[in-house]
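1. Compute the structure for the input listed below.
(chains A and B)
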Amino acid sequence: QKEVEQNSGPLSVPEGAIASLNCTYSDRGSQSFFWYRQYSGKSPELIMFIYSNGDKEDGRFTAQLNKASQYVSLLIRDSQPSDSATYLCAAGGGNKLVFGAGTILRVKS
Amino acid sequence: GAVVSQHPSRVICKSGTSVKIECRSLDFQATTMFWYRQFPKQSLMLMATSNEGSKATYEQGVEKDKFLINHASLTLSTLTVTSAHPEDSSFYICSARGTRSSYEQYFGPGTRLTVT
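-> Okay, here's the model as predicted:
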């Protein structure tokens, strides 16, 4: 059974702080990794994807991948109240993505 | 780029009727489309994968005769919930993948189905 595990949270951070979201996956054959943001009542929105070991930065977001540890993380710098949402981690090795249950992030102003 | 639309956004129907949901990729050709269902406070559950011009592949436990999927063109896939019952009430979301060499999926805005 291919699984993606995330801490459900909620993770609470003050405005302006760095939020760190983590994810582990069970399938070593996974080749692609994604972070989606989902606001309540809305569909997921792709914010980052990473295929290679190391860091990938896009604006305030940094995705980190460590395939040896089967670990993916997302850092959000200068967190804003508008970043409050559920963050879904997903891993893919073929046609499909396997999603984690999501981590609720709350940014307090 | 990578915009996916869904219609309708919200539908209320009576038990026993059928409902069709459309998913369109607006600015790219989607070789593969996916249909998910999400119950309140739960994660996404993949229902089926559809490739243009071929039969959909359903996940274990998903009734193919109840959830009919058609992917007639590279920009359109439809999900028909047949003989809907209250337990089918959920948030149905489609996603699309553009090319065979990329894994990114882009989601439509979702359809909230309520069966009374």
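2. Write out the residues of chain A neighbouring chain B.
-> Applying the criterion CB under 8 Å from any CB of the partner chain, the portion of chain A that neighbours chain B consists of A:31-32, A:34, A:36, A:42-46, A:49, A:51, A:88, A:92, A:95-97, A:99-102. In short, each C-beta sits where N, CA and C put it, glycine included.
3. give me that answer again for 6 Å
-> By the rule CB under 6 Å from any CB of the partner chain, the part of chain A lying against chain B is A:32, A:43-44, A:49, A:92, A:99, A:101-102.
4. Out of the residues you listed, name the ones that lie in strands.
-> For these, the ones inside strands are A:32, A:49, A:92, A:99, with DSSP state E as the criterion.
5. follow-up on the earlier one: most surrounded residue in the residues of chain A next to chain B?
-> Counting neighbours by other CB atoms under 10 Å in any protein chain shown, residue A:44 leads the residues of chain A next to chain B with 28 neighbours.
6. who does the residue lying closest to it once chain neighbours are set aside bridge with?
-> Take residue A:44 and drop its neighbours on the chain: the residue closest to it by CB to CB, 6 or more residues apart in numbering or on different chains is residue A:36, 3.8 Å away. On the basis of DSSP bridges, residue A:36 takes part in beta bridges with residue A:46, residue A:88.
7. if we can go back for a sec, save the residues of chain A next to chain B as TSV, and put in pLDDT too.
-> Supplementary listing: these in TSV, determined by pLDDT from 0 to 100:
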residue	pLDDT
A:32	93
A:43	96
A:44	95
A:49	93
A:92	90
A:99	92
A:101	93
A:102	95
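8. For the residue lying closest to residue B:96 once chain neighbours are set aside, give me phi and psi.
-> Once flanking residues are discounted, residue B:96 sits nearest to residue B:30: 3.6 Å by CB to CB, 6+ apart. Residue B:30 has phi and psi values of phi -100, psi 110 when expressed as degrees, to the nearest 10.
9. residues from chain B in reach of chain A?
-> Taking CB under 6 Å from any CB as the criterion, chain B approaches chain A at residues B:43-44, B:93, B:103-104, B:107, B:109-110.
10. Selecting buried members of those residues in PyMOL, what would you type?
-> Command for PyMOL, covering only those of the residues of chain B next to chain A found buried under the criterion 16 or more other CB atoms under 10 Å in any protein chain shown:
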select buried, chain B and resi 43+44+93+103+104+107+110
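11. could the residues of chain B next to chain A go into JSON lines alongside distance to residue B:76 and pLDDT?
-> What follows is those, written out as JSON lines (distance: CB to CB, whole Å; pLDDT from 0 to 100):
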{"residue": "B:43", "distance to residue B:76": "27", "pLDDT": "85"}
{"residue": "B:44", "distance to residue B:76": "21", "pLDDT": "91"}
{"residue": "B:93", "distance to residue B:76": "16", "pLDDT": "98"}
{"residue": "B:103", "distance to residue B:76": "22", "pLDDT": "78"}
{"residue": "B:104", "distance to residue B:76": "20", "pLDDT": "85"}
{"residue": "B:107", "distance to residue B:76": "16", "pLDDT": "95"}
{"residue": "B:109", "distance to residue B:76": "16", "pLDDT": "97"}
{"residue": "B:110", "distance to residue B:76": "17", "pLDDT": "97"}
